[in-house]
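> below are the sequence and a predicted model for it; my questions follow.
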Amino acid sequence: MANKDLFSKWIIVTDTKDELTKQLCSYHGVQCIQTDIFYEDGSFKKFKGINEALKKVGKNEWVVFIDIDMVLPPHTKRVFNELEFDKKCIYGIDRVNCNGIQSWIKFVNNPRLIIDSWLLTPSGMNLGSRIIHLYGQKGDNGKFGGYKPLGFFQMCHTSQFDKYPDECKGADHCDIVFANLWSRSQRHLIPEILGVHLESEDNKWGSNWNGRLTAPFMYSISSAEIEVFKTIQNTKDEQNY
């Protein structure tokens, strides 16, 4: 919930078996939609979950579609308040890849995305890729496509579309189909914001496009650490007794 205070409203969509996310949303007072519509026809379809969330959103609102493994910097809200956004456009950001919980702990203890409030840096992490389609997509006959905001962060106004595209499977293409609803002149990067993508392991490209296959992003406690904790706890219990 690192991003919680950056937006006025959150809608989290997950499946019916995801009790941990449900409990976390309940604790933070965030709306959670649990549905298995993602898997209705036996394959993972991210867009179906997004469209369930959109049923709770009006037709005159700004929305941000953001992956749950993305952390935005604290100054994001200041950027949103200072910039003027065009309702007819779609906006994206860049991201860095934080590989593993130990890297995240190191970053949290010494965050250096912004130095002296003016220098934006990747803080020693690898910069994520952009989609720029110099010669278009398949079927475009070499036509220039240009920059397209990826689905980990897409900001747009609900007056400009009816639904998230439903003609694709997985989580790897529907965001590009969605970005294509806007012309290149209407697709913009917000350079002041650099998100942090939390990777639980050294993921291969597309590891989770058909549903999550990689390990959860969390700190695993070894059996030795558990035994040390038990010893400390037993000592405290004896002292309290």
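Structure's in. What do you need? Numbering: from 1, shown residues only.
> ok, Val57 - contacts?
Ile11, Val63, Thr158 (CB atoms under 8 Å, 6 or more residues apart in numbering). For glycine as for every other residue, the C-beta is placed from the backbone atoms N, C-alpha and C.
> are any of those residues buried, and which?
Burial by neighbour count, judged by 16 or more other CB atoms under 10 Å, picks out Ile11, Val63 from the contacts of Val57.
> just the contacts of Val57: which are in strands?
Ile11, Val63 (DSSP state E).
> strands along the chain, start to end?
Using DSSP E, strands in the chain cover 11-14, 31-34, 62-66, 70-71, 90-99, 114-115, 119-120, 126-127, 153-157, 187-199.
> would you turn the ones you listed into a markdown table with mean pLDDT and distance to Leu83?
Formatted as a markdown table, the strands of the chain follow (pLDDT from 0 to 100; distance: least, CB to CB, whole Å):
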| stretch | mean pLDDT | distance to Leu83 |
| --- | --- | --- |
| strand 11-14 | 97 | 23 |
| strand 31-34 | 97 | 27 |
| strand 62-66 | 98 | 12 |
| strand 70-71 | 96 | 19 |
| strand 90-99 | 97 | 9 |
| strand 114-115 | 94 | 16 |
| strand 119-120 | 97 | 15 |
| strand 126-127 | 96 | 22 |
| strand 153-157 | 98 | 11 |
| strand 187-199 | 97 | 7 |
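> among the ones you listed, which comes closest to Asp140?
strand 187-199 (15.3 Å; CB to CB).
> so what does Lys55 look like in phi/psi?
Main-chain torsions, Lys55, degrees, to the nearest 10: phi -70, psi -20.
> list the contacts of it.
Here Lys55 is in contact with no residue (CB under 8 Å, 6+ apart).
> count of residues packed around the residue nearest to Ile12 when sequence neighbours are not counted?
Excluding the flanking residues, the one nearest Ile12 by CB to CB, 6 or more residues apart in numbering is Cys32, at 4.8 Å. Using other CB atoms under 10 Å, Cys32 has 17 neighbouring residues.
> make residue 1 into 52 and carry on from there
Taking 52 as the first residue, the last one we looked at is Cys83.
> circling back to that earlier point, would a markdown table of the contacts of Val108 with distance to Ile165 be doable?
A markdown table is the format used below for the contacts of Val108 (distance: CB to CB, whole Å):
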| residue | distance to Ile165 |
| --- | --- |
| Ile62 | 29 |
| Val114 | 26 |
| Thr209 | 31 |
